[in-house]
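A.B. asks: Fold the following for me, if possible:
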Amino acid sequence: MAFSSPQTPFVNPVVPFFGTIQGGLRDGLQINISGTVIFSCDTRFSVNFQTGCSDYDIAFHFNPRFEEGGYVVCNTKQNGSWGPEERKMQMPFQRGSPFELCFLVQSSEFKVTVNGSFFMQYSHRVPFHRVDTIAVAGNVGLSYISFQPPGFGPANSAPITQTVIHTVQSVPGQVFPTPVIPPTVYPNPVYPMPFFTTIPGGLYPSKNIIISGIVMPSAHRFHINLRSGSDIAFHLNPRFDENAVVRNTQINSSWGSEERGLPGMMPFARGQSFSVWIMCEGHCLKVSVNAQHLFEYRHRLKNLPAINNLEVAGDIQLTHVQT
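C.D. replies: Numbers count the residues shown, from 1 in each chain. The predicted structure follows:
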């Protein structure tokens, strides 16, 4: 079975946003959007799947409205004219809170999931293959928009073959091979816990890892580990029982000195969704939570390509992983 590589995600795009969907929509394509609903005078936001950057032809208009108790409007615009609205009289989003929004394209409909739970479906009114653009507007901030092509991910038994192209990136005193590898995006919604997976090519400057999920209401702790063999190069450990986010490295079964300092309040909350973005640079990891930069962590293990495994465990439900 042939697998197509996922499209490179849009990371921290500015709203209003227009982005090309490479190859257009196709049956089985999944689009994942991570963001936060912001407080503003605007009481709505929208995600449009459309033809080009004009709003003349919109195959699917997904429009949460924080009015009259909150509801979601869905519609299609053809030749500049709206069709009949479909309203879902529920509001799965909260102002000031992050969210994970997933659109799965199927032959007869879109299926929409919010924070890991099925929310609605919307039957196609026009051929979905005409869609080549995603547009986002309104009172939201975006962390990323990622694309999972049909048949891509660990749920399939066939192996995924990736072609790795090596370039060389210089860092003062060090040289790292920089593999140009399409990011691996795992499917929503089923993740075994604890969750283990490889990081193709290991770490290298400009490498991004994204982990999103929902903290259990009674959570005590969870952790994200970037591993090199039996060593843990980076241990990210939110502890709700201590109101702390602990970072550390374990080498030869011995922990180093903990880092706990944060620029503000605890960024994780029980019962709330989250998105962690880890960006590798030559001297450190930069970590953002819910699109806000949180801290830097200097590399204690210097052989970055050997840091090639991800482990996630603890009191959370995963909704999205990209390595």
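
A.B. asks: switch to C-alpha atoms for all contacts and neighbour counts from now on
C.D. replies: Noted.

A.B. asks: Mind listing what's buried along stretch 281-299?
C.D. replies: 281-283, 285-291, 294, 296, 299 (16 or more other Cα atoms under 10 Å).

A.B. asks: Ok, stretch 196-213 next?
C.D. replies: 199-205, 207-213.

A.B. asks: Strands - which of the buried residues of stretch 281-299 land there?
C.D. replies: Members of these lying in strands (criterion: DSSP state E): Leu285, Lys286, Val287, Ser288, Val289, Leu294, Glu296.

A.B. asks: Check the residues you listed and tell me the two furthest apart.
C.D. replies: Longest distance between any two of those is 13.1 Å, between Leu285 and Val289; criterion Cα to Cα.

A.B. asks: partners of the strand or helix carrying Ser275 in the sheet?
C.D. replies: Per DSSP states H and E: Ser275 is located in strand 273-280. Strand 273-280 pairs in its sheet with strand 208-215 (antiparallel), strand 284-289 (antiparallel), by DSSP bridges.

A.B. asks: Is the closest residue to Pro217 other than its chain neighbours in a helix, a strand, or coil?
C.D. replies: Excluding its sequence neighbours, the residue lying closest to Pro217 (Cα to Cα, 6 or more residues apart in numbering) is Gly271, at 4.2 Å. Following DSSP: H, G, I helix; E, B strand; the rest coil, we place Gly271 in the coil state.

A.B. asks: Tell me the confidence at Gly271?
C.D. replies: pLDDT, Gly271: 87.

A.B. asks: Near Val245, how many other residues are there?
C.D. replies: 21 (other Cα atoms under 10 Å).

A.B. asks: quick one on the thing from earlier: looking at the ones in strands among the buried residues of stretch 281-299, which one is closest to Pro13?
C.D. replies: For these, the minimum distance to Pro13 (Cα to Cα) is 14.5 Å, reached by Ser288.

A.B. asks: Any stretches of the stretch 1-150 of the chain with poor pLDDT?
C.D. replies: Residue ranges of the stretch 1-150 of the chain with pLDDT under 70: 1-6.

A.B. asks: do that again at 90, thanks
C.D. replies: The stretch 1-150 of the chain contains residues with pLDDT under 90 at 1-15, 34-36, 38-42, 53-55, 68-69, 95-100, 115-117, 141-144, 146-150.
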